[in-house]
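Engineer: Please work out how this folds:
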Amino acid sequence: MEDNVRKDNLKKTYDKIQLNFGIKTFFEKKTYKLKLFIDHKIIYPLYKKIEKYIFNEVINHYGADYKWNDQKSQNIDKKTSNYGYGLFHYSMIKNQKPKKVLCVGSMYGFIPYMMAKACEENGVGKVDFVDAGFDLKDSDDKETHYFGHGFWKKETAKKHFSYLLNPKYINTHIMTTKEFAKKYKKNKYDYICLDGDHSYAGATLDMKLFWPKLNKEGFVSFHDIHLEKNFLKKEARDMDLELGYKKIWQELIKTKKFKFELSNHYSGLGFLQKL
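Structural biologist: Below you'll find the model as predicted:
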């Protein structure tokens, strides 16, 4: 009898101890709920505010809207913090992880910035940015400026690309594409963006210069493949500028096997892959 009582007491004591084993689980659950609350109510809203702030700074500093609120050209959306075509270039480079990237033409640096940012986050790759620095106010550049403001001849490129970016991931070359191709004959690239001289002759020349420099499985992109003069503002339509990327794109897609395009029914972005 005494043995049975002793056993019952031991069992009751054991059961009480077993209940205390749940203390750790209890606090883990409470801690997890607290973490969820902090993440959802504090961290995430703060992150969204910082994300919005950085978006606005990038758009303003690198002129994604060309500093005249043109959101269609690069397909950006300020209301939703959408980087548009810049995000597409960024995503391609983040996934492809190219070692060498070439960007031809940019009014204030938005696309080369997005490309270099992807390289920085990958920890590999470097962008060669080429722009002739032509100015629409300069009569000598009237045939080739394509709305350029001569920005790259007025500003220090390295300082400009130091904002929200490690500038070691981008090299700027203020020269024509013909001069660049001649100076850097051995350069090869995994990803190329062409957005410089928009005349048919200029776009054709850039394709001839840089398609041979594209590595196998690499991509070359063309901006403004759907752009037409009637899309532009009157002052822009009055300028005697040819928009040749649409014409060259139509020719290229007949001869190249792998191609795809993104259309916003205004500018458009086309891609060819070298297979």
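
Engineer: Just the buried residues of the host helix or strand of residue 271, please?
Structural biologist: Assigned by DSSP states H and E, residue 271 belongs to strand 269-273. With burial defined by 16 or more other C-beta atoms under 10 Å, the residues of strand 269-273 counted as buried are 269, 270, 271, 272. For every residue, glycine as well, the C-beta is placed using N, CA and C.

Engineer: Just checking, which helix or strand of the protein averages the lowest pLDDT?
Structural biologist: helix 234-237 (a mean of 48; mean pLDDT, DSSP states H and E).

Engineer: count of residues packed around residue 37?
Structural biologist: Counted by other C-beta atoms under 10 Å, the residues lying close to residue 37 total 11.

Engineer: quick one: what helix or strand has it in it?
Structural biologist: Assigned by DSSP H and E, residue 37 falls in helix 23-38.

Engineer: likewise residue 57?
Structural biologist: Using DSSP H and E, residue 57 falls within helix 44-61.

Engineer: Using CSV, write out every CA atom in that helix.
Structural biologist: What follows is helix 44-61, C-alpha atoms only, in CSV (Å, rounded to 0.1, in the frame of the first residue of the first chain):
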residue,chain,number,x,y,z
TYR,A,44,7.9,46.9,-42.7
PRO,A,45,6.3,50.4,-42.7
LEU,A,46,9.8,51.9,-42.0
TYR,A,47,11.2,49.9,-44.9
LYS,A,48,8.5,51.1,-47.2
LYS,A,49,9.2,54.7,-46.3
ILE,A,50,12.9,54.2,-46.9
GLU,A,51,12.2,52.4,-50.2
LYS,A,52,10.0,55.3,-51.4
TYR,A,53,12.6,57.8,-50.4
ILE,A,54,15.4,56.0,-52.3
PHE,A,55,13.1,55.6,-55.3
ASN,A,56,12.5,59.4,-55.4
GLU,A,57,16.1,60.2,-55.0
VAL,A,58,17.2,57.8,-57.8
ILE,A,59,14.5,59.2,-60.1
ASN,A,60,15.5,62.8,-59.4
HIS,A,61,19.3,62.4,-59.3
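
Engineer: Give me the distance between the next helix or strand after that helix and the centre of its chain.
Structural biologist: Using DSSP H and E, the helix or strand that follows helix 44-61 towards the C-terminus is helix 85-96. Here helix 85-96 is found 5 Å from its chain centre; the criterion is C-alpha atoms, centre = their mean, to the nearest Å.

Engineer: Do me a favour and average the pLDDT over helix 85-96.
Structural biologist: Averaged over helix 85-96, pLDDT sits at 98.

Engineer: do the same with stretch 49-57
Structural biologist: Mean predicted lDDT for stretch 49-57 stands at 98.

Engineer: Let me see the residues that make contact with that stretch.
Structural biologist: Residues outside stretch 49-57 that contact it (C-beta atoms under 8 Å, 6 or more residues apart in numbering) are 78, 81, 83, 163, 164.

Engineer: Count the neighbours of the closest residue to residue 67 other than its chain neighbours for me.
Structural biologist: Once flanking residues are discounted, residue 67 sits nearest to residue 108: 6.8 Å by C-beta to C-beta, 6 or more residues apart in numbering. The tally of other residues near residue 108 (other C-beta under 10 Å) stands at 21.

Engineer: Against residue 70, how distant is residue 108?
Structural biologist: 12 Å (C-beta to C-beta, to the nearest Å).

Engineer: How about residue 42?
Structural biologist: For residue 42, the distance to residue 70 - C-beta to C-beta - is 37 Å.

Engineer: Which one of the two is surrounded by more residues?
Structural biologist: residue 70 (19 against 10).

Engineer: between the helix holding residue 57 and helix 85-96, how many degrees?
Structural biologist: Per axes from the mean of the first three to the mean of the last three C-alpha atoms, to 10 degrees, the angle that helix 44-61 makes with helix 85-96 is 110 degrees.

Engineer: list the buried ones in helix 44-61?
Structural biologist: 55, 58, 59, 61.
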